[in-house]
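S.K.: Starting from these lines, generate the structure:
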Amino acid sequence: MNPHRDLSPSDPTPDNIAIVSGYWKVKNKYSHQHYDLWFRNSLKINQFTFFFCQDEEHIEYIRSFRGNLPTAYIKYSLTQFHSNQFYRDHWVHPVHVPSPELGKIWHEKIRLMKLVKDNDPTPREFYIWCDAGVCVYRDSPPPSQRLTLRDIHSLPHDKFCYSDPGNPPHDYHHFAGTVYIMHRSIIDTIYNLYMEYVQKCTTMYDDWRCGSDQVILTEIMRDHPDLFHKLSYGYGMNLKALYDHHI
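M.R.: Model (predicted):
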């Protein structure tokens, strides 16, 4: 991984959290005009962020929203995705998985967290995948203060901290895929299980459900509940919980 750094890339006071995110312009659930509006708020998280983009043009696009917030920009094209090796084009659904490219992005998230964890020059305790257009901060920006943990033991180190979609839960998943929160020590375990369960899905369903990270993680959680910690209810609310309770 060779981060393309911003003009002011240094992180002189590295905290115990780093954000991992990315954006690729593919057929999505929403128009790209929506993202133009959302990014004005959702990309304002004040914490060092490893941001993956298709190319230099997309880096400049994201930089226009991030401004001077500390960011490592990483060129990572869709052709580099590991998920290209196993994703099947029929794992689509007009509502749940609108395109194979979007499904591949969802399946790449934990791998990108692992790449960052393995290559971070200043290793952090926790890594957080955050969708670039995270829903809880689309209409208004996140708090301006730096996102960090006062006490690194306020979150479990051996569990995937997730948010339940809420009440009533969806009938096909009980895991909100918007934000992943993991201590560095569990990322490899979750990544290996994720790859195992993607393969299992090809024999269990082999349909659009195999294209959904939320379905895959729900299946893992069903078999390995001891590896998961429900932090909140609602999409992206586990990120909000960090601001509300843990900084």
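
S.K.: any idea of the pLDDT on the residue located most distally from the centre of the chain?
M.R.: Distance from the C-alpha centroid of the chain, by Cα atoms, centre = their mean, peaks at residue 203 (26.2 Å). You'll see residue 203 listed with a pLDDT of 94.

S.K.: Residue 246 too?
M.R.: The per-residue pLDDT reported for residue 246 equals 62.

S.K.: And the contacts of the helix or strand harbouring residue 35?
M.R.: Taking DSSP states H and E as the definition, one finds residue 35 inside helix 32-42. Residues outside helix 32-42 that contact it (Cβ atoms under 8 Å, 6 or more residues apart in numbering) are 23, 25, 62, 65, 132-134, 137-142. Bear in mind the C-beta positions are built from the backbone N, C-alpha and C, glycine included.

S.K.: JSON lines for those residues, including neighbour count and secondary structure?
M.R.: Output for the contacts of helix 32-42, formatted as JSON lines (neighbours: other Cβ atoms under 10 Å; DSSP: H, G, I helix; E, B strand; the rest coil):
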{"residue": "23", "neighbour count": "22", "secondary structure": "strand"}
{"residue": "25", "neighbour count": "14", "secondary structure": "coil"}
{"residue": "62", "neighbour count": "20", "secondary structure": "helix"}
{"residue": "65", "neighbour count": "18", "secondary structure": "helix"}
{"residue": "132", "neighbour count": "19", "secondary structure": "coil"}
{"residue": "133", "neighbour count": "22", "secondary structure": "coil"}
{"residue": "134", "neighbour count": "21", "secondary structure": "coil"}
{"residue": "137", "neighbour count": "21", "secondary structure": "helix"}
{"residue": "138", "neighbour count": "17", "secondary structure": "coil"}
{"residue": "139", "neighbour count": "11", "secondary structure": "coil"}
{"residue": "140", "neighbour count": "9", "secondary structure": "coil"}
{"residue": "141", "neighbour count": "14", "secondary structure": "coil"}
{"residue": "142", "neighbour count": "21", "secondary structure": "coil"}
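
S.K.: okay if I get the residues you listed as CSV plus pLDDT?
M.R.: Shown next, in CSV, are those (pLDDT from 0 to 100):
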residue, pLDDT
23, 95
25, 91
62, 97
65, 97
132, 96
133, 94
134, 96
137, 96
138, 95
139, 95
140, 96
141, 96
142, 96
